[in-house]
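> Prediction below, plus the sequence it came from.
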Amino acid sequence: MSAREIEADAAVIAAHWREEEYISPPSRFIGQAYASDPAIFERFAEKNFPDCFREYAELLHWDQYWHTTLDASRPPFFKWFVGGKLNVCYNCIDRHLPKHRNKAAFYFVPEREDEPIVALTYQQLYRRVNEMAALLRDFCGLKRGDRVTLHLPMTLELPITMFACARLGVIHSQVFSGFSGRACADRIVDSRSRVLITIDAYQRSGKLNDHKDKADLAVAEAAKQGVDVEKILVWRRYPAQYHSTTPMVKDRDFFVDEVLKNYHNREIAPEVMDANDTLFLMYTSGTTGKPKGAQHSTGGYLAYVAATSKYIQDIHPQDVYWCMADIGWITGHSYIVYGPLALAATSVIFEGAPNVPDAGRPWRIAETLGVNIFHTSPTAIRALRRGGVDLPSQYKHRFKHMTTVGEPIEPEIWRWYWNVVGKREAVIVDTWWQTENGGFLCSTVPGIHPMKPGSAGPGLPGIYPMIVNENGEQIAPGSGVAGNICIRNPWPGRMLTIWGDDERFVKTYYARYNNDPKSKDWHDWPYFAGDGALQAADGYIRILGRIDDVINVAGHRLGTKEIEAACLTVPEVAEAAVVPVADEIKGALPEVYASLQPGVKASDQMAKKIVDAIVDEIGAIARPRRVWLVPDMPKTRSGKIMRRVLSSISAGRDAGDVSTLANPEVVEELRKLVQNKPR
Ligand code: WTA
């Protein structure tokens, strides 16, 4: 998208989103907030960079203190807290035992309301993690630096497995449970995992879903691509019962609950890791078809998520904190598991969909558990609002703090969150960040800044954003002119690199605005986020959305190229183009345009075949709103498919001047096809 186009889009949005009035954080919140003194911004001002981040690292226990806060000698491969040694599992569990052994580390809330909520204390978590670590080490032969793929849903077994890996220095790569077996296979292959950890089944959307079937598919597919998985470890949703239709393969598949009996009460010393060793991989979508493994560090990452959990989420040890995201995404890693537990908080894990059996469910959970910090996405807020505008008022929950993340939030929806869900007592933070970032980048600091509906807020302490135009020139701060948002400086939570692809890392995030590839000065290496944004006079940033080929569906990133590649696995498809279309609840949905091979007839079955291929290759989250089978695609003279023209057609907008296309007549034809069909 060119700068002009972003500006045009911004203008469209601005027409609907006028500059909003400030709302002050409730004084009751400010009175107890960890950060209420604006001096934090002085301490984290550029003149104190990078040493300001010491304060973050000091929230952790270090087996060996670091000697260099930031090593920026090989940009953009920045290293934080160099020389420091620590273990993440020790920091999130062991060190809390003397004071908090008896406190719930997690509450597990099953989707079915007739199943009891499980409270897992820090002591119990310690035991279960040690036993699992013993199993991974002694039964699977895993050691530091090895990669393991996890394909687990929202049950306690997921964080237990993650911590067991972290204890051993094994790199976990958790794949969102909604992804298909094939998508899981690609991640197994890229990370070269020899062990896959899954579960037989899980409850979601009112039914018990078979999950082990995906593991069989994943392993078969990985083998075709040359990676042999030796063991599949299968947790059981209901121990001793088995709820998958697939057979257990002898000497390959093992029930974790059975094998664990051999490791009863075993204790494993936490591996002493380097601050810049890898803690985990999180695959995410980008511009090309292949998902990339964001490779996150140990020391910098944990320091950053602990500190942002403390100052932005304001999590105190006595709080009950519930983030409704899925641990399979970065939000869950940073703000359900690692950040909250580094602070000895109680974190809620909810297995189900937010509106099952009805839209009152989240508020009943909050009432029962005394949740006082709530964290979710605009998509969930929109869906819950649709379930009953006044419904939350009927419940007795009381939040002090609420977070929104993942997509721009419409001011109208923000106000509902504030007035009805939060009952005007809960401060709201709109946090902007990405898988690659580790933790929040832009947000208000809740005890310091007033809130402005629809705007994320300024850069966090120690984060210096800027907005640049297509030519790399900085747009005047506070001018309200749209451009591409960049972060000028390195920060501790940023990923180390893309797993196995340093070159792609540099190219994707740095090449665009770097003037001198030889420069050793971090000032020459702004981080390019891939989002359009504008900054108002008060310094608050409003995020406009992705400027690359990424569709944000319900706050989840999907690459248009990945979906197009899935369409092309159908042999009858000649060409496919995927565009985002606006959706009232999910923000955006993919819509597919496909042309068929000569001689193949368009039919409903053919469209269905394409949908099935997408669900099979990626997962149900990528299910398109509609597949349009078209005679031809609008193309430039050089043969490039004009996706912007297609998205105007889908949106019912004027496609603009198309006279320079190679086949302008096709635009009218498609417009008739699409706009005359009932939805
Ligand atoms: C979008 C999720 C507006 C943005 C943590 C970004 C947002 C992408 C916000 C990253 C927000 C995230 N307001 N847009 N508060 N937060 N985004 O990697 O387009 O799944 O680039 O990380 O989500 O998605 P990801």
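Happy to help now that I have it.
> For the rest of this, base every contact and every neighbour count on C-alpha atoms.
OK.
> For the protein, which residues are neighbours of the ligand?
Residues of the chain lying close to the ligand by C-alpha under 6 Å from any ligand atom are 331, 405-408, 430-435, 456, 531, 543, 545-546, 556-557.
> Take those residues and keep only those in strands.
405, 430-431, 531, 543, 545-546, 556-557 (DSSP state E).
> Compare the residues you listed and tell me which has the most neighbours.
residue 430 (30 neighbours; other C-alpha atoms under 10 Å).
> mind listing what that residue touches?
403-405, 443-444, 454-457 (C-alpha atoms under 8 Å, 6 or more residues apart in numbering).
> Tell me where the stretch 551-679 of the chain has strands.
In the stretch 551-679 of the chain, the strands defined using DSSP state E, counting those that start in this stretch lie at 556-559, 573-583, 587-596, 626-629.
> For residue 253, give the beta-bridge partners.
Beta bridges link residue 253 to residue 232, judged by DSSP bridges.
> where does it land on pLDDT?
The per-residue pLDDT reported for residue 253 equals 98.
> do you know how far it is from residue 213?
Distance of residue 253 to residue 213, given as C-alpha to C-alpha, to the nearest Å: 12 Å.
> next one: residue 344
36 Å.
> what do you get for residue 630?
For residue 630, the distance to residue 213 - C-alpha to C-alpha - is 35 Å.
> likewise residue 459?
Distance from residue 459 to residue 213, by C-alpha to C-alpha: 44 Å.
> for residue 419, same thing?
44 Å.
> do the same with residue 148
19 Å.
> From the chain's centroid, how far away is the host helix or strand of residue 414?
Counting by DSSP states H and E, the element that carries residue 414 is helix 411-416. Mean C-alpha position of helix 411-416 versus that of the full chain (C-alpha atoms, centre = their mean, to the nearest Å) differs by 22 Å.
> Looking at residue 148 and residue 213, which one has more neighbours?
residue 148 (26 against 19).
> helix/strand/coil for the more buried one?
Secondary structure, DSSP: H, G, I helix; E, B strand; the rest coil: residue 148 is strand.
> measure it to residue 258 for me?
In terms of C-alpha to C-alpha, residue 148 sits 20 Å off from residue 258.
> Strands of the stretch 51-200 of the chain, residue ranges please.
Under DSSP E, counting those that start in this stretch, the stretch 51-200 of the chain gives strands at 68-71, 79-82, 85-86, 104-109, 118-121, 147-150, 171-174, 195-199.
> Just checking: what are the partner strands of the second one?
Yep, that's strand 79-82 we're talking about. In the sheet, strand 79-82 lines up with strand 68-71 (antiparallel) (DSSP bridges).
> show me where pLDDT drops low in the protein?
Where the chain drops to pLDDT under 70, the residues are 1-17, 288-289, 678-679.
> let's see 50
1-16 (pLDDT under 50).
> and the residue lying closest to residue 364 once chain neighbours are set aside, how many neighbours?
Nearest residue to residue 364, sequence neighbours excluded (C-alpha to C-alpha, 6 or more residues apart in numbering): residue 395, at 7.0 Å. Residue 395 has 14 neighbouring residues, counting by other C-alpha under 10 Å.
> do residue 119 as well
Around residue 119 there are 17 residues (other C-alpha under 10 Å).
> name the element residue 209 belongs to?
Here residue 209 is assigned to strand 207-210, by DSSP H and E.
> I meant residue 283, not that one.
Secondary structure (DSSP H and E) places residue 283 in strand 278-284.
> What lies in contact with the helix or strand following that strand?
For strand 278-284, the following helix or strand on the C-terminal side (DSSP H and E) is strand 292-297. Contact with strand 292-297 is made by 191, 275-286, 435-436, 438, 493-499, as judged by C-alpha under 8 Å, 6+ apart.
> before we move on, what about stretch 173-181?
Outside stretch 173-181, the residues that touch it by C-alpha under 8 Å, 6+ apart are 147-153, 184, 187, 191, 213-218, 280-283, 326-329, 615-621.
> Helices - which of these land there?
If you go by DSSP state H, those have 184, 187, 191, 213-218, 615-617 in helices.
> Including distance to residue 378, could those residues go into JSON lines?
Below are these laid out as JSON lines (distance: C-alpha to C-alpha, whole Å):
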{"residue": "184", "distance to residue 378": "27"}
{"residue": "187", "distance to residue 378": "28"}
{"residue": "191", "distance to residue 378": "32"}
{"residue": "213", "distance to residue 378": "32"}
{"residue": "214", "distance to residue 378": "29"}
{"residue": "215", "distance to residue 378": "31"}
{"residue": "216", "distance to residue 378": "35"}
{"residue": "217", "distance to residue 378": "33"}
{"residue": "218", "distance to residue 378": "32"}
{"residue": "615", "distance to residue 378": "24"}
{"residue": "616", "distance to residue 378": "27"}
{"residue": "617", "distance to residue 378": "27"}
